[in-house]
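In: Here's a sequence, model it:
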Amino acid sequence: MTSFRITHPILAPLLLLLLISITQISGLPTIVIVPGAWQSPIHYTKLTTFLRSEGYPIVSRSHPSVDSLLPARRTSAGDAAAIHDNVLFPLIEEEGQDVVLVMHGYGGLVGSAATVGWSRVERREKGLPGGVIGVIFIAAFVSRIGNSMAGLMPGGRLEEWVLKYKREKKKRGKWLTLLIPHVMKPDLQTFPSTSPTSLFYNDLNPDLAALFAHELRNQSLISLISPTGIVPPAWADNTHYAGRRAYGFTVKDEVVPLETQEAIAGLAGVDFVTRYFEAGHSPFLSVPDELGEWIVGLAMVWEHIGGGDGGQGGVAVT
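Out: Okay, the predicted model is just below:
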């Protein structure tokens, strides 16, 4: 399902009621996929195809920090705000839908920051419909307060391969350079300097790896070194998310090595339902059905858990 807006005074409310009715009849939550750095929804098409075949509506949006003309202004907090305003608000506040948030890599930080105040438990306490029923991290960065992706990397700094620029933008006129000079500074955007196929797609066949590597885009450096904010992420609250947090570890990951994933998850200080995938950093491409089945299983359990107890606690990561 693609999220859109209709402003017609008669059609808009009718279509909104129809959307809510269909969702309620199906009993299926909407799955929101939050992409990782350098990536866009196109990279998750194999996973979304599987999930849609199971009847789940899907929403995914590119981050403002990806392929931006104003990279100096693109922060992780800005990406989180875009998810809050353009994805979660329409789905939950306007449509009353239940949502499962699936976050990959960098998406774990900005997705977590965006969910504050949106849990279904909180909304039920206020007599409101819909809300986030669970969060799933896939080889993702998880932080309690005020950290950045760089801060969670080994040594608290970005890897060498991150600190490179992909390609020069098309040449602009001198007047444009003077008006917005930071657009021309290559050090404000990043792209993997090592072959993206070996980093992101080391477990795909060469043709498929090349296809999706071609779709990677520049990422604002500021977004990777800026903290998402000072408010604790929603998932840290056991009242609302006990038993509703999951972490998918990728064993063959060359971007966020397994030991780094385990360390990050352990530092979160909460329990996760866990699953290990024999995959690189992109299991949504190499094992989409296996990943999809896991997501569907979690969504089914979370959708039918009542109240705020979250059911059984997940597997502790220490």
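
In: which residues sit against the helix or strand harbouring residue 51?
Out: Taking DSSP states H and E as the definition, residue 51 sits inside helix 45-53. With Cβ atoms under 8 Å, 6 or more residues apart in numbering as the test, helix 45-53 has contacts from 31, 33, 41, 58, 60, 284-285, 288-289, 291-292, 295-296. C-betas here are computed from N, CA, C, even on glycine.

In: Which ones among those residues map onto helices?
Out: Using DSSP state H, the subset of those located in helices is 284-285, 288-289, 291-292, 295-296.

In: Buried by neighbour count, from these: which ones?
Out: 284-285, 288, 291-292, 295-296 (16 or more other Cβ atoms under 10 Å).

In: I'd assumed residue 237 was in contact with residue 116.
Out: No. Counting by Cβ atoms under 8 Å, residue 116 stays clear of residue 237, with 9.3 Å between them.

In: Let me see the ranges of the helices in the chain.
Out: Using DSSP H, helices in the chain cover 11-26, 45-53, 76-83, 107-114, 120-125, 149-152, 174-179, 196-200, 206-214, 221-225, 238-241, 258-267, 283-286, 288-303.

In: Give me the angle between the last one and helix 45-53.
Out: Put simply, helix 288-303 runs at 50 degrees to helix 45-53, going by axes from the mean of the first three to the mean of the last three Cα atoms, to 10 degrees.

In: who does helix 288-303 touch, helix- and strand-wise?
Out: Here helix 288-303 touches helix 45-53, strand 98-104, strand 131-138, strand 245-250, strand 271-277, helix 283-286, going by 3 or more Cβ pairs under 8 Å, 6 or more residues apart in numbering; DSSP states H and E.

In: The same query, at a cut-off of 6 Å, please.
Out: helix 45-53 (3 or more Cβ pairs under 6 Å, 6 or more residues apart in numbering; DSSP states H and E).

In: Quickly note the distance from residue 222 to residue 35.
Out: 18 Å (Cβ to Cβ, to the nearest Å).

In: and these two? which has more neighbours close in?
Out: For the pair residue 222 and residue 35, the greater number of neighbours falls to residue 35 (26 against 22), based on other Cβ atoms under 10 Å.

In: nearest spatial neighbour of the more buried one, skipping sequence neighbours?
Out: residue 107 (5.5 Å; Cβ to Cβ, 6 or more residues apart in numbering).

In: The one you found: how many residues sit nearby?
Out: There are 27 residues near residue 107, going by other Cβ under 10 Å.

In: confidence score at it?
Out: Note for residue 107: predicted pLDDT of 92.

In: which one of the helices of the chain lies closest to residue 273?
Out: Smallest distance to residue 273 across those (Cβ to Cβ): 6.7 Å, for helix 288-303.
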